Structures are given as C-alpha cells and as structure tokens.
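> What follows is a protein structure lacking sequence information:
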C-alpha cells in the first residue's frame with residue numbers, strides 16, 4: 001500500500017492544478033508524475049522556452065507574405081523577363097519569341113540597354129543549353145543504334161584467304177538504315 005505525503009501550495013496554484021488534473025488524469029498523483037516524467041525524459045527544464053509558438057509563427061508567415069507581395073510588385077514594375085527566361089529553361093518546348101515582338105516591359109518604362117543585354121545573353125544561354133541537351137540525346141540514340149548494328153556483324157573465316165566481316169541484315173533493313181541516316 002502506497003502512502004501519501006502532504007505538500008503545501010498556494011490556494012490559487014492548488015485550485016489551478018486540481019482543475020488541470022481532473023481534466024486530463026484520474027488522480028492528482030498521476031498528473032504530477034506524468035509532468036515530472038515528461039521533464040526528466042526530455043531532459044528539459046520547465047523554465048526553458050520551447051521556441052516559436054502560434055503567435056510568433058503567425059507573425060513570421062505574415063512577414064513572408066508581405067515579402068512575397070513586395071517581390072511580385074517589383075516584378076510587375078520592372079518587367080517579367082527574368083520569369084520568362086526561367087520558364088523557358090524549365091519548359092524546353094515553350095513557344096519561340098516572334099521576330100519584331102516588343103519587349104515585355106510595362107508601359108511608360110524606358111528600356112535599359114544593360115538590362116536588355118543581360119536578358120539577351122540569358123536567352124542565348126538557354127538556347128545553347130537546349131541545343132546541347134538535344135545533341136547529347138541524339139548522340140546517345142546514335143550510339144545505341146550503332147551498337148545494335150555492330151552486334152549484327154560476324155567474323156567469317158574462309159578456307160581460302162583472309163577472314164572477312166559479314167553483316168547479318170536483310171537488304172530491306174539495310175536500306176531503311178541508309179534512309180534514316182540520310183534524313184538525319
């Protein structure tokens with residue numbers, strides 16, 4: 001049988017603890033023991049701060065939204081070419097810019113030659129990267145087709161003369177291969 005001990009608390013603190021204890025636990029002892037276990041197991045002090053709470057997180061989110069709104073206003077006032085360049089990089093098959101198309105600047109905004117040159121270079125870099133990616137893909141396809149072709153080549157030993165290489169392919173397959181290589 002467990003014995004009980006008395007601990008002296010101020011009346012307001014005791015009432016608050018009893019209300020809390022009845023809300024979540026069967027006994028006051030169980031409530032106090034659970035609290036002690038929590039602090040001991042997690043090796044924390046009840047006086048430590050647990051970091052951001054709901055209010056500080058809400059304030060942080062508000063600040064982030066305000067910063068995002070400021071960035072969007074900045075993009076609207078200074079044009080949308082950086083976003084366009086980034087989207088073209090993401091989507092390889094985006095529509096090409098038409099010749100003679102006006103730059104995408106807001107009305108009343110004078111064109112900045114340095115800024116235009118920068119974005120022109122960015123667009124050229126995007127085109128070069130796209131071409132490089134396509135060439136790499138085509139080279140990979142050609143290499144795999146060439147390996148398939150080499151697998152069809154066999155060494156034939158002749159009783160007279162030197163050994164020869166023989167292509168084990170039908171004339172139709174050979175003609176199709178020639179046509180495909182000519183079209184590329």
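Sure, I can see it. All of these numbers come straight from a predicted model, not from anything done at the bench. Numbering: from 1, shown residues only.

> So residue 158 belongs to a strand, correct?
No - if the criterion is DSSP: H, G, I helix; E, B strand; the rest coil, then residue 158 is coil and not within a strand.

> Chain neighbours aside, what residue packs nearest to it?
In space, and not counting its chain neighbours, residue 158 is closest to residue 164: 6.4 Å by CB to CB, 6 or more residues apart in numbering. Quick note: C-beta positions are derived from backbone N, CA and C, even for glycine.

> Surely the one you found and residue 156 touch.
Yes - the pair residue 164 / residue 156 is scored as a contact, 5.3 Å apart, by CB atoms under 8 Å.

> which residues in the protein form helices?
Using DSSP state H, the helices of the chain run over 11-24, 28-41, 54-78, 81-90, 113-151, 171-183.

> hey, which helix or strand in this protein has the poorest pLDDT?
Lowest mean confidence among the helices and strands of the chain (mean pLDDT, DSSP states H and E): helix 81-90, at a mean of 58.

> who's residue 165 bridged to?
residue 155 (DSSP bridges).

> since we're on it, how many residues are nearby?
Using other CB atoms under 10 Å, residue 165 has 8 neighbouring residues.

> now residue 77: how far from residue 70?
11 Å (CB to CB, to the nearest Å).

> and what of residue 172?
The value you get for residue 172 to residue 70, if CB to CB is used, is 66 Å.

> for this structure, which spans come out with low pLDDT?
For the chain, residues meeting the criterion pLDDT under 70 lie at 50-54, 78-112, 115.

> hang on, residue 45 packs against residue 38?
No - checked against CB under 8 Å, the pair residue 45 and residue 38 is beyond contact range at 11.7 Å.

> out of the two, which sits in the more crowded spot?
Neighbour totals were compared for residue 45 and residue 38, and residue 38 leads with 11 against 7 (other CB under 10 Å).

> From residue 7, how far out is that one?
19 Å.

> Need the phi and psi values for residue 42.
Phi and psi for residue 42, reported as degrees, to the nearest 10, are phi -90, psi 0.

> Distance of it relative to residue 21?
In this structure, residue 42 and residue 21 are 20 Å apart, going by CB to CB.

> Neighbour count for these two, which is higher?
residue 21 (18 against 9).

> quick one, what contacts the more buried one?
By CB atoms under 8 Å, 6 or more residues apart in numbering, the residues touching residue 21 are 27, 28, 30, 31, 32.
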